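Engineer: Mind looking at a prediction? Sequence and model below.
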Amino acid sequence: MPGPLLDNLLGTRTERRPVWLMRQAGRYLPEYRALRAEKGGFLELVYDSEAAAEVTVQPIRRFGFDGAILFSDILIVPHALGQDLWFEAGEGPRLAPPLVDGAWQQLEAARHHFDPVYETVRRTRAMLAPEVTMLGFAGSPWTVATYMVAGAGSKDQGAARSLAWRDPGAFQSLVDAIEAATVEYLIGQIDAGAEAVQLFDSWAGSLSPAQFERWVIAPNARLAAAIHQARPGIPVIGFPKGAGAKLPAYARETGVDALGIDETQDCAWIDAQLPADMPVQGNLDPMLLLAGGPTLDAAVDAILAAFANRPHVFNLGHGIDKETPIPHVERLLARLRG
């Protein structure tokens, strides 16, 4: 039997609001820090299926969340497309060669990088209770492309935005390659046991409306359609962080089954703009969870009230901060569960 999280993603509102938190497996947990110290680097941990499955279930054991999200990274797709990937301590990911001209065709595909991720999903699903939903994910093409073009993260995604304006044909070709690999990757996760998948478009907010239509809405629409056709009944969550006023168009035009909303969005406005039966996910500010106290309680209550009449998965507006005290997470769950 599906649990409350999957029920809500499929459009059935449950009396108890399900909850999971973005980046719920990570550095705020002492058990994660201990395992990371034992295993070494982040990427080594991701590709160690046994360890990655253990990391994925750690927050389920501690907090009893309704969903377990795969412990991995959105840059596995560029690694599988043939870019070198590593993580610099304190600085984040690096990809080489940077595709400043969009010429991904020079890369030699390395699809074997997907295999340990699939094994992580299989191992994790076997460790979870039936009512806990197994969530897979991938980065959306625009966000993944920003890293591939620059060779690293950036504050304004300038290299990718420049290429998209300067040579839209080359950029389209890169987006198409990411899209095809992402469909393969998500179907592989589903076949390994993922019951829902989330598309992370972390840098969707950096685009103009016209560019948003081409590089965010259109690729995500194709991805959602491909997943629905290949694996009917598997819900797709779209999360275009920073979309702002473009969010309703994203909801209408992409065909995603549920919409993740970030902390900058007004819940009442979102509720009024979206179809009444569309599931939503979000959108507590991670800084409120870091702060805790009565302000956290009030924010939780306000979100619950705003989405009381539609299917809703409680979540953060983005990933949990690594400094978040565990008692604050416990307080959040106590508030949600009464």
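Structural biologist: Everything's here; your move.

Engineer: is it true that Arg231 touches Gln189?
Structural biologist: No. Counting by CB atoms under 8 Å, Gln189 is not a contact partner of Arg231; they are 9.9 Å apart. Heads up, the C-betas are built off the backbone N, CA and C, glycines and all.

Engineer: which of those two has more neighbours?
Structural biologist: Neighbour count, other CB atoms under 10 Å: between Arg231 and Gln189, Gln189 has more, with 27 against 16.

Engineer: which secondary structure elements does the strand or helix carrying the more buried one contact?
Structural biologist: Assigning secondary structure by DSSP states H and E places Gln189 in helix 168-192. Packing partners of helix 168-192 (3 or more CB pairs under 8 Å, 6 or more residues apart in numbering; DSSP states H and E): helix 76-81, helix 115-127, strand 133-139, helix 141-150, helix 158-166, strand 196-201, helix 218-230.

Engineer: Any chance of JSON lines for those, columns mean neighbour count, distance to Leu290 and mean pLDDT?
Structural biologist: Converted to JSON lines, the helices and strands packed on helix 168-192 look like this (neighbours: other CB atoms under 10 Å; distance: least, CB to CB, whole Å; pLDDT from 0 to 100):
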{"stretch": "helix 76-81", "mean neighbour count": "24", "distance to Leu290": "28", "mean pLDDT": "98"}
{"stretch": "helix 115-127", "mean neighbour count": "20", "distance to Leu290": "27", "mean pLDDT": "98"}
{"stretch": "strand 133-139", "mean neighbour count": "25", "distance to Leu290": "23", "mean pLDDT": "98"}
{"stretch": "helix 141-150", "mean neighbour count": "27", "distance to Leu290": "24", "mean pLDDT": "98"}
{"stretch": "helix 158-166", "mean neighbour count": "18", "distance to Leu290": "29", "mean pLDDT": "97"}
{"stretch": "strand 196-201", "mean neighbour count": "26", "distance to Leu290": "21", "mean pLDDT": "98"}
{"stretch": "helix 218-230", "mean neighbour count": "19", "distance to Leu290": "30", "mean pLDDT": "98"}
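
Engineer: Mind putting these into a markdown table with distance to Arg16?
Structural biologist: What follows is the helices and strands packed on helix 168-192, written out as a markdown table (distance: least, CB to CB, whole Å):
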| stretch | distance to Arg16 |
| --- | --- |
| helix 76-81 | 33 |
| helix 115-127 | 23 |
| strand 133-139 | 14 |
| helix 141-150 | 32 |
| helix 158-166 | 41 |
| strand 196-201 | 18 |
| helix 218-230 | 28 |
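
Engineer: And these: which comes nearest Gly282?
Structural biologist: strand 196-201 (11.7 Å; CB to CB).

Engineer: Give me the angle between that closest one and helix 168-192.
Structural biologist: 160 degrees (axes from the mean of the first three to the mean of the last three CA atoms, to 10 degrees).

Engineer: Can you give the strand pairings for strand 196-201, parallel or anti for each?
Structural biologist: With DSSP bridges as the test, strand 196-201 is paired with strand 133-139 (parallel), strand 236-240 (parallel).

Engineer: Is Phe200 bridged to anything, and to what?
Structural biologist: Counting by DSSP bridges, Phe200 is bridged to Gly139, Phe239.

Engineer: how many other residues sit next to Ala129?
Structural biologist: 9.

Engineer: With Leu316 instead?
Structural biologist: 27.

Engineer: At the geometric centre of this protein, which residue sits there?
Structural biologist: Phe200 (4.0 Å; CA atoms, centre = their mean).

Engineer: Now do the same contact list for it.
Structural biologist: Ile74, Phe137, Ala138, Gly139, Ser140, Thr143, Phe239, Lys241 (CB atoms under 8 Å, 6 or more residues apart in numbering).

Engineer: From Lys39, how far off is it?
Structural biologist: Look at Phe200 and Lys39: by CB to CB, to the nearest Å, they are 24 Å apart.

Engineer: which residues does Ala68 contact?
Structural biologist: Taking CB under 8 Å, 6+ apart as the test, what Ala68 contacts is Trp20, Thr56, Val57, Pro59, Ile60, Thr124, Leu128, Val132, Thr133, Met134, Leu135.

Engineer: State the helix or strand in which the fourth one lies.
Structural biologist: Applying DSSP H and E as the criterion places Pro59 in helix 49-63.

Engineer: Tell me the helix or strand right after that helix.
Structural biologist: Counting by DSSP H and E, what follows helix 49-63 is strand 67-69.

Engineer: Paired strands for that next one, with orientation please.
Structural biologist: Applying DSSP bridges to the sheet, strand 67-69 is found paired with strand 133-139 (parallel).

Engineer: For the strand it pairs with, which outside residues touch it?
Structural biologist: Contacts for strand 133-139 (CB under 8 Å, 6+ apart): 2-3, 5-6, 9, 18, 20, 66-70, 72, 74-75, 77, 121, 124-125, 128, 182, 185-186, 189-190, 193-202.

Engineer: and if we set it to 6 Å?
Structural biologist: 3, 5-6, 67-70, 74, 125, 182, 185-186, 189, 193-198, 200 (CB atoms under 6 Å, 6 or more residues apart in numbering).

Engineer: Likewise for stretch 118-131?
Structural biologist: Under CB under 6 Å, 6+ apart, the answer for stretch 118-131 is 3, 49, 52-53, 56-57, 68, 70, 134, 188-189, 192-194.
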